[in-house]
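Chemist: Could you look at this predicted model? Sequence included:
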Amino acid sequence: MRRLTVCDPTTSQPLASLRWGRAGGPLLHLLCLFPEWVFGLEKVSFQASAAVNFSNNNLRELLPAKSAALSARLQTAFCHFCYQGSLPAPGWARDIVLNACVFGHDRRFNLRVAVVMPDRAHLILTPLLDIEGQRICRLHEIMRAIKSHSARLINGQLGHAGRIWQEESFDHVLRCSESLDAKVAYILANPVRAGLVRIPEEYRWSWKKERV
């Protein structure tokens, strides 16, 4: 069993330490091909305890059967979910929901934008790699975690155990032809279209990832 340390090439700081065996390491190939999806960086560097030997032929042998599934799980998605009740959520509840959305950023997903409206929440995110579990975080698991965590805290404030969210969550994988910046701007403008603020910057329950 060999060990690989993945580093940020700019700071030389280690990002993860991984093990792989004789199979050649599907996880290793994934890191080399998609570092932005996994670590949010355009490229990463490697420090190995033993020689890392694989060629383009290894990649061609390994990836064709898995590339479609990997691409589907790692694509950026637009997601939204709605409150169960008809009354608008108070400000303190929207604080909880926004914090729950941001909490998993850089842990389980790369969050691009989040806006919590009085009756629903909108997000754009890209699932990341679960380093410890050595698997890609699934979108439905991410959404379930956000909804269950925020519901538990809101119910704690209300002093009961009622349902907070509608069971369904809606997601749409962004196509290559769709502009991510345009989608982010559209989501940030939701409070303006709803008449809650004059400009997006005035809305308290919005979060946008800063450009690196």
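Modeler: The structure has been received and is ready for your questions.
Chemist: all helices in the chain, in order from the N-terminus.
Modeler: 26-33, 35-39, 56-62, 64-74, 91-103, 139-158, 180-188, 190-193 (DSSP state H).
Chemist: Least confident of these, on average?
Modeler: Across those, helix 56-62 has the smallest mean pLDDT, namely a mean of 39.
Chemist: Relative to Ala114, how far out is Leu129?
Modeler: Counting by CB to CB, to the nearest Å, the gap from Leu129 to Ala114 is 21 Å. All C-beta atoms are positioned from the backbone trio N, CA, C, and that covers glycine.
Chemist: So between the two, which is more surrounded?
Modeler: With neighbours defined as other CB atoms under 10 Å, Leu129 and Ala114 compare such that Ala114 has more, 26 against 22.
Chemist: Can you spell out which residues form a bridge with the more buried one?
Modeler: Beta bridges link Ala114 to Leu123, Trp207, judged by DSSP bridges.
Chemist: what sits against it?
Modeler: If a contact means CB atoms under 8 Å, 6 or more residues apart in numbering, then Ala114 has Leu98, Cys101, Val102, Ala121, His122, Leu123, Ser206, Trp207 as its contacts.
Chemist: likewise Val192?
Modeler: Counting by CB under 8 Å, 6+ apart, Val192 has contacts Arg198, Ile199, Pro200, Tyr203.
Chemist: Between those residues, which sits nearest Trp92?
Modeler: Comparing the contacts of Val192 against Trp92 with CB to CB places Tyr203 closest, at 15.8 Å.
Chemist: Count the neighbours of the closest residue to that closest one other than its chain neighbours for me.
Modeler: Closest residue to Tyr203 apart from its sequence neighbours, by CB to CB, 6 or more residues apart in numbering: Pro191 at 4.0 Å. Neighbour count of Pro191, defined by other CB under 10 Å: 22.
Chemist: Next: Asp181.
Modeler: Counted with other CB under 10 Å, residues neighbouring Asp181 total 9.
Chemist: Got a quick ChimeraX command for the buried subset of the contacts of Ala114?
Modeler: Those of the contacts of Ala114 that count as buried under 16 or more other CB atoms under 10 Å are selected in ChimeraX with:
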select :98,101,121,122,123,206,207
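Chemist: what would the contacts of Ala114 look like in TSV with distance to His149?
Modeler: Formatted as TSV, these follow (distance: CB to CB, whole Å):
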residue	distance to His149
Leu98	12
Cys101	10
Val102	11
Ala121	13
His122	18
Leu123	14
Ser206	19
Trp207	16
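Chemist: now, the most widely separated pair of the contacts of Ala114?
Modeler: Farthest pair in these (CB to CB) is Val102 and His122. Separation: 13.4 Å.
Chemist: Isn't the residue nearest to Tyr203 up against Ile199?
Modeler: No: Pro191 is beyond contact range of Ile199, at 9.2 Å (criterion: CB atoms under 8 Å).
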